[in-house]
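Undergrad: based on what follows, work out the 3D shape:
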Amino acid sequence: MLARPPQIHTDIMDPTNSRLLTKALSEFLPEECLPRHEMPQSVASPSFCRSTHLPPGHHLVYFPLALRSSELCPDGTDPYHSPRRTPLTRRMWAGGLIQGFSGLKLDGSAAACVERIADVQVHGAVGSEKIFVVVHREYLTMDPSGPKFDYGKRRRGFLENPSQHGRVETVERRTLVFMREPSDEEKKLNVEKEQKIVRGRSQ
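TA: As a prediction, the model looks like this:
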């Protein structure tokens with residue numbers, strides 16, 4: 001997995017995705033936790049959202065996978081992260097770290113996410129082993145005056161030196177864990193366990 005070449009996701013930092021996420025979360029989060037989006041009088045305005053930074057966590061609704069459904073893992077996730085051709089197909093989130101939350105701006109600029117497999121570790125005995133995969137992501141604002149980057153191709157020069165093409169605004173590390181699917185008996189026992197109810201904060 002460590003030998004897999006980095007992959008690039010590109011996007012335009014339009015505020016629409018962020019606004020829609022805020023709208024979707026508005027009934028589930030306290031009002032003070034929701035970002036305030038400035039509504040410009042005109043999208044064509046030179047000052048269009050120029051000072052609006054991407055709210056924390058909203059990068060998750062940008063840089064989507066450019067894959068067909070048939071190219072995804074059975075659970076709909078990115079096969080780039082997965083230990084392919086193994087029985088460890090159950091994918092879970094194990095942790096993460098983000099630096100530079102306020103770097104990216106919602107100003108209509110082009111941006112890129114460069115993603116690499118940073119570390120892979122196997123823990124546990126055969127039959128109950130777990131594979132921990134650390135994914136390193138760099139989010140860049142593309143420099144319009146920098147070297148031209150063809151979004152349809154993975155330019156080797158871009159991958160070797162992303163900062164030549166833009167400014168690194170946000171760095172993220174995701175830790176995923178892959179395990180074997182539980183047996184039918186294990187699934188039955190999990191269903192029969194007492195369910196824990198997580199309640200949202202009262203208004």
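Undergrad: for the rest of this, base every contact and every neighbour count on C-alpha atoms.
TA: Fine.
Undergrad: can you tell me the SS state at the residue most central in space within the chain?
TA: Nearest to the mean C-alpha position of the chain, by C-alpha atoms, centre = their mean, lies residue 60 at 4.8 Å. Three-state assignment for residue 60 (DSSP: H, G, I helix; E, B strand; the rest coil): helix.
Undergrad: show me where pLDDT drops low in the protein?
TA: Within the chain, the segments meeting pLDDT under 70 span 37-51, 144-166, 198-203.
Undergrad: which residues of it fall in helices?
TA: Using DSSP state H, the helices found in the chain span residues 16-25, 156-160, 184-192.
Undergrad: residue 69 - how many residues pack around it?
TA: By other C-alpha atoms under 10 Å, 10 other residues sit near residue 69.
Undergrad: the nearest residue to it once chain neighbours are set aside: how many residues sit nearby?
TA: Distances taken as C-alpha to C-alpha, 6 or more residues apart in numbering place residue 76 nearest to residue 69, at 7.4 Å, with adjacent residues excluded. Counted by other C-alpha under 10 Å, the residues lying close to residue 76 total 10.
Undergrad: go ahead and confirm residue 76 touches residue 70.
TA: No: using C-alpha atoms under 8 Å, residue 76 is not in contact with residue 70; the gap is 9.2 Å.
Undergrad: returning to what we had before: output the helices of the chain in JSON lines; the columns should cover distance to residue 136 and mean neighbour count.
TA: Listed next are those as JSON lines, based on distance: least, C-alpha to C-alpha, whole Å; neighbours: other C-alpha atoms under 10 Å:
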{"stretch": "helix 16-25", "distance to residue 136": "23", "mean neighbour count": "15"}
{"stretch": "helix 156-160", "distance to residue 136": "13", "mean neighbour count": "14"}
{"stretch": "helix 184-192", "distance to residue 136": "33", "mean neighbour count": "10"}
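Undergrad: okay if I get those helices as CSV plus distance to residue 170?
TA: Converted to CSV, the helices of the chain look like this (distance: least, C-alpha to C-alpha, whole Å):
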stretch, distance to residue 170
helix 16-25, 16
helix 156-160, 16
helix 184-192, 38
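Undergrad: of all the ones you listed, which one is nearest residue 113?
TA: helix 156-160 (10.7 Å; C-alpha to C-alpha).
Undergrad: residues in contact with the residue lying closest to residue 139 once chain neighbours are set aside?
TA: The spatially closest residue to residue 139, leaving aside those adjacent along the chain, is residue 113, at 4.5 Å (C-alpha to C-alpha, 6+ apart). Under the criterion of C-alpha atoms under 8 Å, 6 or more residues apart in numbering, the contact list for residue 113 reads 8, 9, 10, 63, 137, 138, 139, 140.
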